[in-house]
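Enquirer: got a predicted model here, sequence first, then my questions.
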Amino acid sequence: MDRICIGSIRTIGTLLVLPITGYISDRWGRRVALTLNAFNTGWIGLVRSFVHSYEWFLALEVMESAIGAGAYSSCFILVTELVGPKRRVAAGATISTMFALGQVVLGLIAWGVRPWRTLTQVLYAPQLLVITYFWILAESVRWLMSKGRYEEAETILKKVAKTNKTVLSEKSLEAFRATAEVEKHKEKQNEQWLPILVIKSPTILLRCIVSPIWWITNTLVYYGMNINSVNLSGNQFLNFVYVAAIEIPGFWTAILLLDRVGRKPVLICAYFLCAACQFGFAFIPDGYEGLSMALYLIGKYAIAIVMTSVYVYTAELFPTKYRHSLFAFASMVGRIGSITAPLTPAFATEVWEPFPPVLFGSFALLSGLLIFTTPETLGTKLPDTMEEAEQLSDRKTHR
């Protein structure tokens, strides 16, 4: 029960970090949010490895997640805004693949390094090096433009052009400056408190209602399957590695399909496939361990497709100026799923053995149905304003 308590309490910290990180990111930049979160994770994790009090251990778990768990979303938003539609999905899948490889490495290291203090130190010490990213990474051009910092944005664009062995013409630069000035004037005229803007727009409000449900499903199923994998028959470390590794083909299935058939068909089919596997796993008779493992892995493969797709899709539904804040809101509410996930093994023993997969399947089915309520974003330019975000279903402007 202590392990369950730690897992759920740690996730509560992410309810705090996501809106805080979203605010920092939208106010001071994606790069600042990324480096700050990653560095905080490193030093707090190292401190935790030396404590001898359970209460302090719990406190540091919450503190780490509260001021350090926003690194992934910061990285994803930064990368999404640095690439165009043709590279957006590939960039997202690459980030997700690195995440899965990290889990595989984690499982193997944990298999070899059993003392938890030593394991914690081995895992967290390299995080301190991420502080150098502040000087290595370029800031998001879209974010710089939304803040009126056009000279910095122009400098980065020139560096990108030089790296790509091309030259930005003076005509292109003049058009860039003219567009930036128009957007600056428009945003100043319409500046309002974000919750008011959302409430005044039924289209954006609907997205702010349904997208958190997708995220609850994602975190519940994704982390729930990771946690429950150690209870499958066989070596618990290898089971964890298998369940993590199967994500990688899922991520790259997303990259193959998202730009070909669209975001919505991929998400709907992946959610429904995940639901079918969960229900099948729940009610398969004893004695079919091989089939059970196959259904488990296919279900994880399906939710991996969803994880990559929903990151890309959610980011594309909201405007640049408020993208990280609204993205963080959906992800923050979604942490209800990751808070619940560590409790699911107890549900299996105390409530009903098939309860976890039935719960996972039910949420996956609901989320697949809710995808029908939002627009397709394949081939659209990332919206920069609320008006552009509202008109996504009518726009197919490539960039």
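Expert: Thanks, I have it. Numbering: from 1, shown residues only.
Enquirer: residue ranges with poor pLDDT in the stretch 1-150 of the chain?
Expert: 1-8, 85 (pLDDT under 70).
Enquirer: which parts of it are helices?
Expert: 2-28, 30-48, 54-68, 71-82, 85-112, 116-124, 133-136, 141-146, 150-163 (DSSP state H, counting those that start in this stretch).
Enquirer: closest one to residue 238 among those helices?
Expert: Closest to residue 238 of the helices of the stretch 1-150 of the chain is helix 85-112 (Cβ to Cβ; 7.7 Å). Backbone N, C-alpha and C define where each C-beta goes, glycine included.
Enquirer: tell me which of the helices of the stretch 1-150 of the chain sits nearest to residue 325.
Expert: Nearest of the helices of the stretch 1-150 of the chain (Cβ to Cβ): helix 2-28, 4.2 Å.
Enquirer: and the closest one, how far from the chain's centre?
Expert: 13 Å (Cα atoms, centre = their mean, to the nearest Å).
Enquirer: got the buried residues for stretch 272-290?
Expert: 272, 273, 274, 275, 276, 277, 278, 279, 280, 281, 282, 284 (16 or more other Cβ atoms under 10 Å).
Enquirer: and the furthest pair within these?
Expert: 272 and 284 (18.6 Å).
Enquirer: quick check, residue 347 in contact with residue 357.
Expert: No: contact criterion Cβ atoms under 8 Å: residue 347 and residue 357 do not qualify, at 10.5 Å.
Enquirer: list the buried residues in the one helix or strand residue 227 maps to.
Expert: Per DSSP states H and E, residue 227 falls inside helix 202-229. Neighbour counts using 16+ other Cβ under 10 Å place 203-204, 207-208, 210-229 of helix 202-229 among the buried residues.
Enquirer: right, and residue 146 touches residue 323 too?
Expert: No: counting by Cβ under 8 Å, residue 146 stays clear of residue 323, with 9.0 Å between them.
Enquirer: which stretches of the stretch 151-300 of the chain form helices?
Expert: Under DSSP H, counting those that start in this stretch, the stretch 151-300 of the chain gives helices at 170-189, 194-200, 202-229, 236-245, 247-261, 263-283, 289-317.
Enquirer: show me what the fourth one is packed up against.
Expert: In other words, helix 236-245. Judged by 3 or more Cβ pairs under 8 Å, 6 or more residues apart in numbering; DSSP states H and E, the packing partners of helix 236-245 are helix 85-112, helix 202-229, helix 289-317.
Enquirer: how about residues contacting that helix?
Expert: Residues outside helix 236-245 that contact it (Cβ atoms under 8 Å, 6 or more residues apart in numbering): 100, 103-104, 106-108, 110-111, 225-226, 229-230, 232, 296-297, 300.
Enquirer: now residue 224: closest residue in space that isn't a chain neighbour?
Expert: residue 341 (4.0 Å; Cβ to Cβ, 6 or more residues apart in numbering).
Enquirer: show me what counts as buried in stretch 72-83.
Expert: Counting neighbours by 16+ other Cβ under 10 Å, stretch 72-83 gives 72, 73, 74, 75, 76, 77, 78, 79, 80, 81, 82 as buried.
Enquirer: one step back: I'd like the helices of the stretch 1-150 of the chain as TSV, with distance to residue 192 appended.
Expert: Compiled in TSV, these are given as follows (distance: least, Cβ to Cβ, whole Å):
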stretch	distance to residue 192
helix 2-28	15
helix 30-48	23
helix 54-68	29
helix 71-82	22
helix 85-112	29
helix 116-124	41
helix 133-136	32
helix 141-146	15
helix 150-163	23
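Enquirer: tell me which of the ones you listed lies nearest to residue 351.
Expert: Closest among those, using Cβ to Cβ: helix 2-28, at 13.8 Å.
Enquirer: and the closest one, what does it pack onto?
Expert: Under the contact definition 3+ Cβ pairs under 8 Å, 6+ apart, helix 2-28 sits against helix 30-48, helix 54-68, helix 71-82, helix 323-340.
Enquirer: can you mark which positions in it are buried?
Expert: For helix 2-28, by 16+ other Cβ under 10 Å, it's 6-7, 9-11, 13-22, 24-26.
Enquirer: what about residue 36, neighbour count?
Expert: Residue 36: 23 surrounding residues under other Cβ atoms under 10 Å.
Enquirer: give me the nearest residue to it, chain neighbours excluded.
Expert: residue 24 (6.9 Å).
Enquirer: now residue 340
Expert: Nearest to residue 340 is residue 220, by Cβ to Cβ, 6+ apart, at 5.8 Å.
Enquirer: so who does the one you found touch?
Expert: Counting by Cβ under 8 Å, 6+ apart, the residues that residue 220 touches are 336, 337, 338, 340, 341, 359, 360, 363.
Enquirer: how close does it get to residue 28?
Expert: Distance, residue 220 to residue 28, by Cβ to Cβ, to the nearest Å: 32 Å.
Enquirer: same deal with residue 112?
Expert: 40 Å.
Enquirer: what number of residues lie near the residue nearest to residue 100 when sequence neighbours are not counted?
Expert: Closest residue to residue 100 apart from its sequence neighbours, by Cβ to Cβ, 6+ apart: residue 247 at 4.0 Å. For residue 247, the count of nearby residues is 27 (other Cβ under 10 Å).
Enquirer: just residue 254 next, same as before
Expert: 28.
Enquirer: ok, it - contacts?
Expert: 89, 92, 93, 96, 266, 270, 304, 305, 308, 309.
Enquirer: reformat those residues as a markdown table; add distance to residue 116 and neighbour count.
Expert: Output for the contacts of residue 254, formatted as a markdown table (distance: Cβ to Cβ, whole Å; neighbours: other Cβ atoms under 10 Å):
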| residue | distance to residue 116 | neighbour count |
| --- | --- | --- |
| 89 | 38 | 27 |
| 92 | 33 | 26 |
| 93 | 32 | 25 |
| 96 | 27 | 26 |
| 266 | 39 | 27 |
| 270 | 35 | 28 |
| 304 | 28 | 30 |
| 305 | 33 | 28 |
| 308 | 31 | 28 |
| 309 | 35 | 30 |
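Enquirer: just the element for residue 378, please.
Expert: Following DSSP H and E, there is no helix or strand that holds residue 378.
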